[in-house]
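Peer 1: requesting a structural model of the entry that follows:
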Amino acid sequence: MASRHSAFYTPLLNCITFLRDEGHQVNYSVLGPGQRSYALLRDGEVDIMQSAVSSNWRLREQGIEPLPVHFAQINQRDGFFIIGRRPEPEFDWKNLEGKTLLADHGLQPLVMLKYAVKHNGADWKQINVTDAGTPDKMEAAFRAGAADYVHRQGPVVTGEILTSVGASMPPVAFSSLCCARAYQKTEGYRMFLKAYERTREWIRTAPAEEIAAKETSFFPGIDAGVLTATVTHYRALGCWEGGIEIPRDLYEQALNVFQAVGAIGWRHRYEEVVG
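Peer 2: Reported below is the predicted structural model:
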């Protein structure tokens, strides 16, 4: 299951396709309203979840146990873009001041956006930040003229990409794969991990057109050229660099980001979350 659906998670989507091609039954769905990933994993309703190390932190601070273990990295950069209505070749983050921005209000996306705004010399309080709800509702609101800018993942089908949040700040443990600790002892886990490692290696060198073609079934209605461009952009950004392990320094940088905007109560030890 994915906590959200985007070509940003291409390594996972391609891995699912490869496993299906090999004859394995792999069910894929997206977390729905009211569902809690930690509960689905705890209760065995889902084996593997696309999430983020940061998803454990607030739950730990609330005393919720057991929580998932994060075992593999998907992205080491934020995958959101700032999208405008027209090209701005000289875009600066301060351009957002005095304007209306439709921002994704998911916990991590919003924390990273606040950090990027500050990191690039703009004043968050000077931006009219609005919440339109789900990514689909944000897309509809932007098309209807509800804001000057929108904060979205790819593929982007409306507006002009002005800057990448991920390119505007240091690398970070952004998204990862997690499961119940007990699942790590199963053959299914070991089989998936080997397939995921092979997929990551393939994605680093395969033509973008081939990578996009592998996941077209996940994006009905999206033009193949748009999907290929999205894959090209994310790979060039360095989102899928490195091995499948979650590097300790990127984990610490994620903590730095959350701490800088007051989103966590304390720093959570790497070993408590990653394994």
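
Peer 1: can you pull the contacts of Gly262?
Peer 2: By CB atoms under 8 Å, 6 or more residues apart in numbering, the contact set of Gly262 is empty. Backbone N, C-alpha and C define where each C-beta goes, glycine included.

Peer 1: phi, psi for it please.
Peer 2: phi 70, psi 30 (degrees, to the nearest 10).

Peer 1: tell me how far it lies from Trp124.
Peer 2: As defined by CB to CB, to the nearest Å, Gly262 lies at a distance of 12 Å from Trp124.

Peer 1: for the residue nearest to Asp47 when sequence neighbours are not counted, grab the count of nearby residues.
Peer 2: Nearest residue to Asp47, sequence neighbours excluded (CB to CB, 6 or more residues apart in numbering): Tyr183, at 5.8 Å. Residues lying near Tyr183 (other CB atoms under 10 Å) number 19.

Peer 1: state the distance from the residue lying closest to Ala7 once chain neighbours are set aside to Phe218.
Peer 2: With sequence-adjacent residues excluded and distances taken as CB to CB, 6+ apart, Ala7 is closest to Thr230, at 4.5 Å. Using CB to CB, one gets 12 Å for the distance from Thr230 to Phe218.

Peer 1: helices along this protein, start to end?
Peer 2: Along the chain, counting by DSSP state H, helices occupy 10-21, 37-42, 55-61, 107-119, 135-143, 187-205, 208-214, 224-237, 248-260, 270-273.

Peer 1: and these: which comes nearest Tyr149?
Peer 2: Nearest of the helices of the chain to Tyr149, taken as CB to CB: helix 135-143 at 8.4 Å.

Peer 1: any idea of the mean pLDDT for that closest one?
Peer 2: Taken as a whole, helix 135-143 has a mean pLDDT of 94.

Peer 1: using PDB, write down the CA coordinates of it.
Peer 2: Only the C-alpha atoms of helix 135-143 are listed here, as PDB (Å, rounded to 0.1, in the frame of the first residue of the first chain):
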ATOM      1  CA  PRO A 135      -4.100  16.300  -4.400                       C
ATOM      2  CA  ASP A 136      -7.000  15.900  -6.800                       C
ATOM      3  CA  LYS A 137      -8.900  18.700  -5.100                       C
ATOM      4  CA  MET A 138      -5.800  20.900  -5.200                       C
ATOM      5  CA  GLU A 139      -5.500  20.200  -8.900                       C
ATOM      6  CA  ALA A 140      -9.200  21.100  -9.500                       C
ATOM      7  CA  ALA A 141      -8.900  24.300  -7.400                       C
ATOM      8  CA  PHE A 142      -5.800  25.400  -9.200                       C
ATOM      9  CA  ARG A 143      -7.500  24.900 -12.600                       C
END
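
Peer 1: quick one: that helix to helix 107-119, angle?
Peer 2: 40 degrees (axes from the mean of the first three to the mean of the last three CA atoms, to 10 degrees).

Peer 1: what are the buried residues along helix 135-143?
Peer 2: By neighbour count with 16 or more other CB atoms under 10 Å, helix 135-143 contains the buried residues 135, 138-139, 141-142.

Peer 1: cool, and stretch 26-45?
Peer 2: Buried-residue list, stretch 26-45, by 16+ other CB under 10 Å: 31, 37-38, 40-42.

Peer 1: next, count neighbours for the nearest residue to Phe8 once chain neighbours are set aside.
Peer 2: Spatial nearest neighbour of Phe8, chain neighbours left out: Gly79 (3.6 Å); criterion: CB to CB, 6+ apart. Residues near Gly79, counting by other CB under 10 Å, number 26.

Peer 1: Phe219 too?
Peer 2: So Phe219, with other CB under 10 Å, has 18 neighbours.

Peer 1: for Asn120, see how far away it is.
Peer 2: For Phe219, the distance to Asn120 - CB to CB - is 30 Å.
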